[in-house]
Every structure is written in C-alpha cells, then in structure tokens.
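Peer 1: I need the structure of the sequence given here:
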Amino acid sequence: MIIERIFISPERGVAQLECEQITVQSGMGIVGDRNFGKSLHPGQNITLIEAEEIELFCAEQSRKPDLSLLRRNLVTRGVKLNALLNLEFTIGGVRLRGVELCEPCV
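Peer 2: Below is the predicted model:
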C-alpha cells in the first residue's frame, strides 16, 4: 500500500491541509484533525480512500483530478480498501482496523 497524500481538516468546512507526516494517538485519531477524539460514528477518526477511485470519479465527471476532493485523511494507492473491512493492518508504525465502509456523505 502506498500513501499518496495525507490531509487533515482543522475545522468543518475549511480547506484541507496537506501534510508530509501526522501524529496519530491510539483511540483518538489524527492530532490536529477536526475528528480527533470524536466517537459519534465508527471509523470517523481516520478515513481512507483509494486514489484510483478519486481519479475515476474525476474522469467520469470531466473534472481535473484532485486527491483532496472527497475530504479523506489518507489517500492510498495500490490497495483495495474494502478488502480491509474488519481486519487489522498497519500503515507506517500505526496499527489500524477497518471498521466501516466510508460512503460519500454528499
């Protein structure tokens, strides 16, 4: 799995910030992200999406490719994320668990 881009959003509705690296706290999520420490929805603390899916969507909609478009934290390449549902996996030194498919909200 390749991490293509990393984004955080300090507040709802503001532009995402692209990061070279992030700090992840166990059970809380990404330090500095608006969903840090929240637990209203499973999987809301760190969200992942495949770069290939964003690129496909942009092509279908005749849009310029924009990996920040769908507002997810980690944009991956070379992995089918749906296959990680209910599994533990690692990214860097961080152990994650796929807990929910991240369907678009809008």
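Peer 1: contacts and neighbour counts: CA atoms only from here.
Peer 2: Noted.
Peer 1: Could you report the separation of the residue lying farthest from the centre of the chain from residue 56?
Peer 2: In terms of distance from the mean C-alpha position of the chain, residue 62 ranks first, at 23.1 Å (Cα atoms, centre = their mean). Note on residue 62: its distance to residue 56, by Cα to Cα, to the nearest Å, is 10 Å.
Peer 1: cool, and residue 84?
Peer 2: Going from residue 84 to residue 56 by Cα to Cα gives 21 Å.
Peer 1: neighbour count winner among these two?
Peer 2: Comparing residue 84 with residue 56 by other Cα atoms under 10 Å, the one with more neighbours is residue 84, at 16 against 13.
Peer 1: What's opposite the closest residue to that one other than its chain neighbours in the beta bridge?
Peer 2: Leaving aside its sequence neighbours, residue 84 sits nearest to residue 98 (Cα to Cα, 6 or more residues apart in numbering; 5.5 Å). Beta-bridge partners recorded for residue 98 (DSSP bridges): residue 85.
Peer 1: dump the residue contacts of the residue nearest to residue 25 when sequence neighbours are not counted.
Peer 2: What sits nearest to residue 25 in space, not counting adjacent residues and going by Cα to Cα, 6+ apart, is residue 31, at 6.9 Å. Contacts of residue 31 were listed using Cα atoms under 8 Å, 6 or more residues apart in numbering, and they are 22-25.
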